[in-house]
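[1] I would like to see how this sequence folds:
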Amino acid sequence: DRWCEMIHILSKKYVNNEITVKVHPNLSYKLSNQFKRHINSKCNYVNFVGSNENDISTEELILNSWLIIGDSSSVLPWANYAGEKIVLSMDIGNFVNSSDMQCYSGISVFSRDCDFNKLIEDIDQSGASGKIESQAPSVIDFIN
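    Purely as a prediction, here's the structure:
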């Protein structure tokens, strides 16, 4: 529900921007479908990419975005590395690695309990670019 609340606030501020939610590709098909149903019931204007949908890569989504928001994920440092992106990490607080992104400069970590209106209000879109960085390495290259 907190993700949906954030998505709703983002959609109000950035009316002309498309919002896509992509779950981890290793997430079970059943859980991915449950997430999709829940998110679509709360905010049906969101593009949802489930774990079984491989027609769009995470890299492609990131390279074509100016704002990337995740929990604690290896794609966030890569998104920051890709350049000219605003990268946020939600510390959901209920597992041991949820605050790991705090150790990366360029990734802003916030709590799931924070005021999302204030967080979104403070985002400066002019500091980001939606340009594709075609020479950026893949997530696998970055991790290796």
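[2] so what's the residue nearest the centre of the chain up against?
    In the chain, the centroid-proximal residue (Cα atoms, centre = their mean) is Ile69; its distance is 2.8 Å. Going by Cβ atoms under 8 Å, 6 or more residues apart in numbering, Ile69 touches 6, 87-90. Every residue, glycine included, has its C-beta placed from N, CA and C.
[3] hmm, which two among the residues you listed are most spread apart?
    Met6 and Val87 (14.6 Å; Cβ to Cβ).
[4] Those two: which has the busier surroundings?
    Shown here are Met6 and Val87; by other Cβ atoms under 10 Å, Val87 has more neighbours (25 against 22).
[5] hey, where'd the strands end up in this structure?
    With DSSP state E, the ranges of strands along the chain come out as 20-22, 47-49, 67-70, 86-91, 107-111.
[6] now these as a markdown table including distance to Asn117?
    Listed next are those as a markdown table, based on distance: least, Cβ to Cβ, whole Å:
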| stretch | distance to Asn117 |
| --- | --- |
| strand 20-22 | 20 |
| strand 47-49 | 23 |
| strand 67-70 | 15 |
| strand 86-91 | 14 |
| strand 107-111 | 12 |
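[7] This completes my enquiry, with thanks.
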